[in-house]
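> predicted model, plus sequence, below.
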Amino acid sequence: MKGILKIFLKYYLKYITKIVLFIHRPIIIAVAGSTNKPFVKQEIKRVLSGLGIDCRANPKNFNTEIGLPLSVLYLPSGFNSYKKWITAIINAPKIIFQKHFPKYLVLSLGSSDPGDMEYLLTIVNPRVVIITDITQRHLEGFDGIDGLFSEYIYLINTLKKRDTLIINHDIIRFDLLVKDCMAKTITYGIENKADYYASKLEKSAQGQYITVDVGGTTRQYKLERFGQHHVYSLLIGLIIKDYARQQIIKTNQEFSQSEP
Amino acid sequence: MSQRTKNLRLSIIKQIELRAAKYPDSISLAQGIPSFDTPESIKRRVELALKRGVVAKYSLSPGLPELRELIELQLQKDNMFYDWEKEIIVTAGSIEGITATILAITDPGDEIIIPEPTYTSYHEVIILSGCKPVFVPLNEDKGWALELDKYEKAITDKTRAIFYCNPNNPTGTIYNKEQLLSLAELAKKHDLYIITDEVYKDFLYNNEKIFSLAEIPELRKRIIRIYGFSKAYAMTGWRVGYVHSDESVIKEIIKVHDSLVTCAPVISQYAAMGALEMGESDVSAFNIEYAKRRDLICKRLDRLSRFFSYIRPESAYYVFPKILRDFTEQKNSAIPDSWEYALALLEKTHVAVVPGSAFGPNGEGHIRLSFGRKPEDINEAFDRFENNLI
C-alpha cells in the first residue's frame, strides 16, 4: 500500500508542480551540493527579502522526488500519516489558482542515486544554480565519487546561456565541473581566488570578521555566526544580491522599452 | 577492584527498580522514562538508513555532518549560534557528553559545584573523573531557586565548573534568566566553566521559553551545553545527544569523546536526524500530554496534602514532594528517611518511587515521582497510596 501511495504521490505532485510553475513562472534558484544548503537558502532569502523581493525558501531540506514538489508547492510532508498525505493531495491543486505566488523560489536539489538529478530537472528548470561543495557525503548510492560528480555535471550542463551558475571555486575538480558549462559562471571562494573572494577571516566572541574582494573592490563584513560555511553563504548572498539587482534593472528597461 | 570505582554507587533509581521487579503488580513512578514509543517518522528514517546500508560504518568522531548541520539549525531557533563543523559533537546520550566534558576540563582533585537536589548520575561521573562534587543547596522555599551567595562561599582554588540541570531533575523547576546571569557573572569572576544540561528544555507547561546561558555570545568559551534526544523524542534507548561550546573547548572534548566511544551509534544518529527533521509535532503532542499528566499528579497529590507538600513542576516530568508525615512504623520520626520511606512505600503499595536523598543531601525528606508514566499508572499508584496512607 505504501509503495503504491508513494508512486501515486510522486507523479501526482510532479504534474501539479509543473502546472504551478507554468502558471506562476517564478525564478528558480537551485541550491545543490553536499553541504551547507540550508544556510545558503537562509542567506538568499534574507538578501532577497532585504531587497523587497518576494521570495520563498523552504526551511526543510526537501530535495527528493517527492520533497522537491512539496517545496515548490510549500506543503508539509505527510511523513507516515495517510491523513496528512490526503490533506496534501487535496491542497496541492489549490496552489494552481493561488493569487499570490513568490517571484523567486529557492530550492534544494539533492542526489543520492545515479539519475536523481535528471529526474528532478524534469520537474524544475532553474535559472540560477548554486553549487556549494561536493564531498563524500551521500556517496553510498554511487560506485565512487565520479558518479556523484556526473550528477552535478549533468545539472551544470543543462543550464542555458541566459542562466547563471554560482560555484564554489574551492571544490576539488572545479575545472571538470565547469568545463562544458554554457551559462554565465560566477565563482566564490576562500582558498582559491574567485570572483567573490573572502579573506582575512577573524573570529571573536561576537562572530566573524571577513574581507570580501569583488573585482578589486574590498569590503569588510561582520557575521554573527560561526563557521566557514557562513562565510560561503555570505559570498553567495552577495552574488544573489547583485544578480537580483541586475534582474530588476533589466525588467525596468524592458518595461520602459515596451511603453508607447 | 580499582580505587576509581570504590566510591561509585550503583544508581539508587536502578536499586529501587530492581527491588520493584520482585512484585509482579508493581508500578514504577521511579524511572524517568517516557511512556511513549519513539515516533513512527523517526523509525521510518532509521528504516531508510538501514535499507540504504549507511549505518554499518563509523561516522566521523563528532558525528554525521548532516546531523550536525540540523543541530546548528535547531540551535539557531533557540538563539544559539554554533559552528556545526567545529563546535558541535554528537554523543552517545547526554551522559557520555557530560563524562567527556568533565574529563576534558578537569584534573583529578578538582571540584565541581552542583546545585542540588539534582540528577543522581552527575555525582557518579564527577567521582569517576577523580573530582569532588560540591553540593550547594537550592532554596525550596523560593521554588528551588539558586542563591548566589552560597556559590560564592563554595568556590575554592580547586573549583573548575558549576554544573546544573535546567529544567531541573528532580524538581521540575526552571532557573530564571536573572539567576543564571548572576551565576555567569560569578563564573567569569572566578574563571569557571558552566556546564548546563538542558535535556528537559522541550517540556514547558507555562508557555515560557527557557533561557540558556549559551545564548550569550560573550560566554561561549565558558558555557558547555548538553542536550539529549532521549526525553523530548521518547528515544531513551537510542542513546544519542550532543554537546556544544566554543571551538577552543570542543577541540579538547572531542579527544575524550573519541577515546570513549569513537562516535555515537550511527543508527541512532539517523534517528536523531529523523527527530530534528520530522519530530516537532510529536514533541508538541508529548508536551500536551505531559501537561495533562502533570495536572493529574498534582490533583492526586492535593488529595494527600496531609502527607505531602510540593512545588508545582513547570517542566520535565517529575514532581518532588516533601514528606510531611510518616506512615511507616517509625511514627515518631519527624523527618522520615527518604530511602526507608521509599522502601516502605514499595513494600506496602508496590509502587516504586525514588528517595530524595538520591539527588543530593538537600533532597532528603522528599520523594521523586515521575509523571512520564501513563495516566492509568499514575491513578493506580495514587489509589494504592490513598488506600495505605489514609
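Sure, I can see it. Keep in mind that what you see is a predicted model, and the values were worked out from it rather than measured.

> the stretch 151-260 of chain A against chain B: which residues are in contact?
Listed as neighbours of chain B in the stretch 151-260 of chain A under the rule C-beta under 8 Å from any C-beta of the partner chain: A:203, A:205-207, A:224-230. To be clear about C-beta, it is placed using only N, CA and C from the backbone, and glycine gets the same treatment.

> between all of those, which two are separated the most?
Taking C-beta to C-beta as the measure, these span a maximum distance of 19.1 Å, between A:A205 and A:H229.

> compare the two and say which is more crowded by neighbours.
With other C-beta atoms under 10 Å in any protein chain shown as the criterion, A:A205 and A:H229 differ in neighbour count, and A:H229 comes out ahead with 22 against 12.

> check which helix or strand covers the more buried one.
Per DSSP states H and E: A:H229 is located in helix A:228-258.

> and that helix, what's buried?
A:228-241, A:243-244, A:247 (16 or more other C-beta atoms under 10 Å in any protein chain shown).

> residue boundaries of the helices in the chain?
In the absence of a named chain, this looks at chain A. Residue ranges of the helices in chain A, as given by DSSP state H, are A:2-24, A:37-50, A:67-73, A:82-91, A:116-120, A:145-157, A:174-178, A:228-258.

> ah, no, chain B please
Listed in chain order, the helices found in chain B under DSSP H are B:3-6, B:12-20, B:40-52, B:65-77, B:93-105, B:120-128, B:148-154, B:177-190, B:247-261, B:266-278, B:280-302, B:338-349, B:375-389.

> between the third one and helix A:2-24, how many degrees?
By that I understand helix B:40-52. 100 degrees (axes from the mean of the first three to the mean of the last three C-alpha atoms, to 10 degrees).

> average pLDDT for helix B:40-52?
Averaging pLDDT along helix B:40-52 yields 93.

> next: stretch B:268-278.
Computed over stretch B:268-278, the mean pLDDT rounds to 96.

> chain center to that stretch, what's the gap?
Taking the mean C-alpha point of stretch B:268-278 and that of its whole chain, the gap between them comes to 20 Å (C-alpha atoms, centre = their mean, to the nearest Å).

> per-residue confidence for residue 240?
Assuming you mean chain A. Among the per-residue scores, A:I240 holds a pLDDT of 97.

> looking at chain B here, not the other one
Confidence at B:V240, expressed as pLDDT, is 98.

> that one and A:L73, how far apart?
The gap separating B:V240 from A:L73 is 32 Å, by C-beta to C-beta, to the nearest Å.

> and the two? Which one has more around it.
For the pair B:V240 and A:L73, the greater number of neighbours falls to B:V240 (29 against 22), based on other C-beta under 10 Å.

> what distance do you get for A:P93 to chain B?
Relative to chain B, A:P93 is positioned 24 Å away (C-beta to the nearest C-beta, to the nearest Å).

> please tell me I have it right and that residue contacts A:L13.
No - using C-beta atoms under 8 Å, A:P93 is not in contact with A:L13; the gap is 10.5 Å.

> what parts of the stretch 151-300 of chain B come near chain A?
B:217-218, B:220-221, B:247, B:277-278.

> and with 6 Å instead?
Contact residues, the stretch 151-300 of chain B versus chain A (C-beta under 6 Å from any C-beta of the partner chain): B:217-218, B:220, B:278.

> what's the burial count for the spatially closest residue to B:R44 that is not a sequence neighbour?
When the adjacent residues along the chain are set aside, B:R44 lies closest to A:N80, with 5.4 Å between them (C-beta to C-beta, 6 or more residues apart in numbering or on different chains). Neighbours of A:N80 under the rule other C-beta under 10 Å: 16.

> returning to what we had before: between the helix holding A:H229 and helix A:37-50, how many degrees?
Orientation of helix A:228-258 against helix A:37-50 (the same axes, to 10 degrees) gives an angle of 40 degrees.

> now find how far off-centre helix A:228-258 is within its chain.
When C-alpha coordinates are averaged (C-alpha atoms, centre = their mean), helix A:228-258 and its chain have centres 14 Å apart.

> helices or strands up against that helix?
Under the contact definition 3 or more C-beta pairs under 6 Å, 6 or more residues apart in numbering or on different chains; DSSP states H and E, helix A:228-258 sits against helix A:37-50, strand A:196-204.

> identify the residues contacting stretch A:49-64?
The set of residues external to stretch A:49-64 that reach it, using C-beta atoms under 6 Å, 6 or more residues apart in numbering or on different chains, is A:41, A:45, A:48, A:70-71, A:102-106, A:108-110, A:244.

> pLDDT below threshold where in the chain?
If you meant another chain, say so; for now it's chain A. Low-confidence regions of chain A, defined here as pLDDT under 70, cover residues A:1, A:63, A:259-260.

> other chain: chain B
Flagging of chain B using pLDDT under 70 yields the residue ranges B:327-335, B:390.
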